[in-house]
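> Next come a sequence and a model predicted from it.
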Amino acid sequence: NAGVTQTPKFRVLKTGQSMTLLCAQDMNHEYMYWYRQDPGMGLRLIHYSVGEGTTAKGEVPDGYNVSRLKKQNFLLGLESAAPSQTSVYFCASSWDRFHEQYFGPGTRLTVT
Amino acid sequence: TQLLEQSPQFLSIQEGENLTVYCNSSSVFSSLQWYRQEPGEGPVLLVTVVTGGEVKKLKRLTFQFGDARKDSSLHITAAQPGDTGLYLCAGVYAGNMLTFGGGTRLMVKP
């Protein structure tokens, strides 16, 4: 039982490059989330999904896209990376929006 | 400004001291969660409080939810170096998703 896993753990991109972050959970959770964490800002919700095939915008969605083709996977894409997207990205999953969220270990992304 | 304001932002204390961190809002929350995050890892849930005035204890940690369900506090008794980390409060209000505060970064020196 791995919980929530994220790949990659670290990535450096040049401005304008694209990449996809992969999140996988083995708890059969309906809800999945992508957050970014910046110093002093806590966790800010980028996008979330309430079930397979669904996605919705969170607090800071601009510059990101997501897909949830399978229940256990949630992908976060950056089409044209910008230095402002330098951050630590966390994926999480939960039964519903009220219950505990289980987090992955994070991906540290630097855009130069 | 964030919906959930945490204070203080940083706290550095000696082992054995007591401390309290606060989580405040002008909104009413249906529930509030506290997480602890260690360096290089994701947050891990400590407790969920649901009822106004509720007090929950987890060993040396005491969590309180305000009567009006707009604020919460975390009190640590006799802090230990293992308590070092980032403490995050997060709440669910109205029909929204979980919202996180900015966090309190605690360092406990031996």
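Received, thanks.

> and the residue lying closest to A:Asp38 once chain neighbours are set aside, what does it touch?
Leaving aside its sequence neighbours, A:Asp38 sits nearest to A:Ser87 (CB to CB, 6 or more residues apart in numbering or on different chains; 5.4 Å). Where you see a C-beta, it was placed from the backbone N, CA and C, and this is true even at glycine. By CB atoms under 8 Å, 6 or more residues apart in numbering or on different chains, the contact list for A:Ser87 reads A:36-38, A:109.

> Can you flag which of those residues belong to helices?
Judged by DSSP state H, helices contain none of the contacts of A:Ser87.

> Lowest-confidence one in these?
Among those, A:Asp38 has the lowest pLDDT, at 93.

> A:Leu69 is in contact with A:Gly53, isn't it?
Yes. Assessed by CB atoms under 8 Å, A:Leu69 is found in contact with A:Gly53 at 7.3 Å.

> Could you check which residue of chain B lies nearest chain A?
Chain B approaches chain A most closely through B:Gly42 (2.9 Å), counting by CB to the nearest CB.

> burial measure for that residue, as a count.
B:Gly42: 23 surrounding residues under other CB atoms under 10 Å in any protein chain shown.

> quick one: contacts for it?
A:4, A:90, A:92, A:103-106.

> List the residues that contact the closest residue to it other than its chain neighbours.
In space, and not counting its chain neighbours, B:Gly42 is closest to A:Phe103: 2.9 Å by CB to CB, 6+ apart. The contact partners of A:Phe103, by CB under 8 Å, 6+ apart, come to A:4, A:90-92, B:42-44.

> What pLDDT does the model give the residue of chain B closest to chain A?
pLDDT for B:Gly42: 96.

> cool, the one 10 residues further on as well?
In the prediction, the pLDDT value recorded for B:Gly52 is 93.

> how far away is it from A:Ser80?
From B:Gly52 across to A:Ser80, the span is 47 Å (CB to CB, to the nearest Å).

> can you check A:Arg36 too?
The gap separating A:Arg36 from A:Ser80 is 17 Å, by CB to CB.

> what do you get for B:Leu106?
Distance of B:Leu106 to A:Ser80, given as CB to CB: 38 Å.

> Verify the contact between B:Ala78 and B:Leu19 for me.
No. Here B:Ala78 does not reach B:Leu19: they are 10.0 Å apart, not a contact under CB under 8 Å.
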